[in-house]
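Engineer: Fold the following for me, if possible:
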Amino acid sequence: MHEMSIAQGILDIVLKTAAEHNAVKISCIKLLIGQMTQVEPESLKFGFAALAANTIADGAVVDITIIPLVGKCNSCGQQFTVERYSFLCPLCHSANILVVSGRELAVDYLEVE
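Structural biologist: Here you go, the predicted model:
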């Protein structure tokens, strides 16, 4: 379950950021998670809640936005949503594809007191 190690990394980031801004409570954490990361949101939330117990992030809402997997064909320029990990351009059928989005794993923002 790689979600626990991801949750630990997120907790480290939010606690450090909160300390830098003299926050006493973290109420919400907004995450951007790309579809290609294959992170299970509920497992990540569960792991985060367990790790955040007895910290200033205890009870924080973890709000996750899943970013779709989007490719751009380097041959014809077509941008498209990648379905079932088929990295072929739907227009010209080229496999020369650049991943535009879907690999993100980032803390977008925090709401703190």
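
Engineer: Nearest the geometric middle of this protein, what residue?
Structural biologist: In the chain, the residue lying closest to the centroid (C-alpha atoms, centre = their mean) is Ile33, at 2.1 Å.

Engineer: Locate it within the secondary structure: which element?
Structural biologist: strand 26-34 (DSSP states H and E).

Engineer: so where's the protein uncertain?
Structural biologist: By pLDDT under 70, the low-scoring segments of the chain are 1.

Engineer: Please go through it and pick out the longest helix.
Structural biologist: When the chain is parsed with DSSP state H, its longest helix is helix 3-20.

Engineer: what helices or strands is that one leaning on?
Structural biologist: strand 26-34, helix 41-52, strand 105-112 (3 or more C-beta pairs under 8 Å, 6 or more residues apart in numbering; DSSP states H and E). All C-beta atoms are positioned from the backbone trio N, CA, C, and that covers glycine.

Engineer: Can you report how many residues lie near Ile29?
Structural biologist: When neighbours are defined as other C-beta atoms under 10 Å, Ile29 has 25 of them.

Engineer: How about Thr37?
Structural biologist: Thr37: 17 surrounding residues under other C-beta under 10 Å.

Engineer: Backbone dihedrals for it, please?
Structural biologist: Backbone torsions of Thr37, given as degrees, to the nearest 10, read phi -70, psi -20.
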